[in-house]
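Peer 1: structure for this input, please:
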Amino acid sequence: MLPAPLASAQALRDQFVDGLQRLLEQPALGAYILVCANATFDEEVMARCGIRLRERLRDHLSGLRDVLAQGREPEVAADDLQVFLRLLALDEAGLVPRETHRVGPWQVQFNLLRAFRPQRASGQVIRELSRPFEAQKFHFDKPFLRQEVFWEGALLGRAVQLLYNKFPFARYHGLLVPEVTAGHPQLLTETMHHYIWQVTGALADNIPEIGIGYNALGAGASVNHLHFQTFVEARLPLEQMGWQHMGGAQDYPLVVEHHADVQGAWAAIEARHREGMPYNLIYRAGGCYLVQRGWQGEVVLPQWLPTLTWYEAAGGITCFNRAQFEALEADEVTAALALLNAD
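Peer 2: Numbers count the residues shown, from 1 in each chain. Model (predicted):
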């Protein structure tokens, strides 16, 4: 039996939004930023939290002024302080909802707050699929992240944490961290592959549009601590039937394999490990998409595509600049994705 928050799409939504409302009352600036980013992404969250978000903005500003007036340093993470100062500069403009439209086969969104996200490892040049876990660096077992845990407990026999994504780009965007205290690095194992395949299928029985994404190290992973990204979305551009990997005739700009067999999918993943080739994964019920791509940071991408994770590889483009969002054309997206083809 699945835990209550994952028992249905409605249960997931209710607990997701209720948790954000509780987070909004927390004193930590990071909690406020998380709720703000989720509210600008989701109309229902904004409807339930919008007024209080504006009130809390003034509360945090007042507290920050008091600290500075006393000649003290704010006890706030540098990343959070930088994001908050940008929100202050934007004022009401920082709470505009994200916008989306289709450009040919591609899904494009204007997501202003996502632009404020710290890049961490996703902005580095990385040419290896495995690095030892480093407890002194950012990871998901840090005490200050406890407040961002949406749910934790046993899921199909394994201890997991579900955290809110602080800067979402998909509906009900979360982070699934198995055995958080074990300090697993961001390297997929056969056991964990089978587990995520099983979890995706079980969740889809109650939440049909659920999927789970994975970025290998060197392929957009921002944290070297084993984690996956949960989302609830209808068919992604990568999943359209016209592509060759879906049985159609049209070439996808990246090399994609669709596997309907869990062991066959692992054989393909294991081959990437042996060859030292970066990849992204998107798990859906009964299947898995494997996207072969080049190493992050090795190719100069267009300004509107600062990084390429599983979501961009699947045809979802997040723009941080309104003019670029409005002007972007399908051929530009196709050409940009093709830049990441592995040699």
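
Peer 1: flag every buried residue along the lengthiest helix in the chain.
Peer 2: With DSSP state H applied, the helix covering the greatest number of residues in the chain is identified as helix 43-69. Under the neighbour-count criterion of 16 or more other C-beta atoms under 10 Å, helix 43-69 has 45-46, 48-50, 53, 56-57, 60, 64 buried. Any C-beta I mention is one placed from the backbone N, CA and C, and that applies to glycine too.

Peer 1: can you tell me what sits against the helix or strand following it?
Peer 2: Sequence-wise, the next helix or strand downstream of helix 43-69 (DSSP states H and E) is helix 78-90. Applying C-beta atoms under 8 Å, 6 or more residues apart in numbering, the contact partners of helix 78-90 are 28-30, 32-33, 36, 57, 60-61, 64, 74, 76, 94, 112, 116, 118.

Peer 1: go through the residues you listed and name the one nearest Tyr172.
Peer 2: Among those, Cys36 lies closest to Tyr172 (C-beta to C-beta), at 16.8 Å.

Peer 1: ok and the lowest-mean-pLDDT helix or strand in the chain relative to helix 43-69, angle-wise?
Peer 2: Ranked by mean pLDDT, DSSP states H and E, the weakest helix or strand in the chain is helix 78-90, scoring a mean of 87. Counting by axes from the mean of the first three to the mean of the last three C-alpha atoms, to 10 degrees, helix 78-90 lies at 100 degrees to helix 43-69.

Peer 1: note down every partner strand of the helix or strand following helix 78-90 and its orientation.
Peer 2: Scanning forward in sequence from helix 78-90 by DSSP H and E, the next helix or strand is strand 99-103. Strand pairing for strand 99-103, determined by DSSP bridges: strand 106-110 (antiparallel).

Peer 1: just the mean pLDDT for the strand it pairs with, thanks.
Peer 2: When pLDDT is averaged along strand 106-110, the result is 95.

Peer 1: check stretch 149-161 too.
Peer 2: In the prediction, stretch 149-161 has an average pLDDT of 95.

Peer 1: and it, what's buried?
Peer 2: Buried positions in stretch 149-161, judged by neighbour count with 16+ other C-beta under 10 Å: 149-151, 155, 160-161.
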